[in-house]
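Student: quick one, fold the following:
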Amino acid sequence: MKCLRAHFDDDVRRLLELVDEHDLLLDTPIRLTRDGVVVNVLGSHAQLSGAVTSLPDSLTDAFCVDGLSDYEPVRGGVRADLTARQREVLDTAVERGYYDIPRRVSVEELAAELDCSQSTVSEHLRKVESRVMNRLG
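Tutor: Residues are numbered from 1 along each chain as shown. Have a look, this model is predicted:
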């Protein structure tokens, strides 16, 4: 593995300091376009607002917020191959201990919590497991 080390001007340095000061995360990929650099920055509304209001005057004209939305970390990876309902069933199963040893919740209990039949929960979990195993194999 190789490493690229770069030196940035004061404006870029200040932007990166704001990320650190406000406990924000930079999401990848960082895209270079003809119009500039597109970066997704993750944090609470208060953290993001604090960082934007702390921008130095020298950067406010060059800085543009395209939008604010909930973060959905499903790009790439095996979760991207799942439907929203499959992710919901998986997340609930993991949270409640379906995959713990020993298992802390049954398919019947998951079905009641998710307001669907046991066969539906089982089918969703089998499809999730199939996708995971096919990715690993």
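Student: where exactly do the strands run in this structure?
Tutor: 25-33, 36-42 (DSSP state E).
Student: can I get the ones you listed in JSON lines including mean neighbour count and distance to residue 67?
Tutor: In this view, the C-beta of every residue, glycine as well, is placed from N, C-alpha and C. JSON lines is the format used below for the strands of the chain (neighbours: other Cβ atoms under 10 Å; distance: least, Cβ to Cβ, whole Å):
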{"stretch": "strand 25-33", "mean neighbour count": "10", "distance to residue 67": "14"}
{"stretch": "strand 36-42", "mean neighbour count": "13", "distance to residue 67": "10"}
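Student: could you pull up the mean pLDDT of the top helix by length along the chain?
Tutor: Assignment by DSSP state H gives helix 118-136 as the longest helix of the chain. Regarding helix 118-136, the rounded mean pLDDT is 92.
Student: so what does it touch, helix or strand wise?
Tutor: helix 84-96, helix 107-114 (3 or more Cβ pairs under 8 Å, 6 or more residues apart in numbering; DSSP states H and E).
Student: between the last one and helix 118-136, how big is the angle?
Tutor: Okay, so that is helix 107-114. Orientation check (axes from the mean of the first three to the mean of the last three Cα atoms, to 10 degrees): helix 107-114 against helix 118-136 gives 100 degrees.
Student: show me what counts as buried in helix 107-114.
Tutor: Neighbour-count burial for helix 107-114, counted by 16 or more other Cβ atoms under 10 Å, picks out 107, 109-111, 114.
Student: what about the chain, any weak spots by pLDDT?
Tutor: Residue ranges of the chain with pLDDT under 70: 1-4, 6-7, 71-76.
Student: now with 90, please.
Tutor: Segments of the chain classed as low confidence (criterion: pLDDT under 90) are 1-20, 22-84, 87, 91, 95, 131-137.
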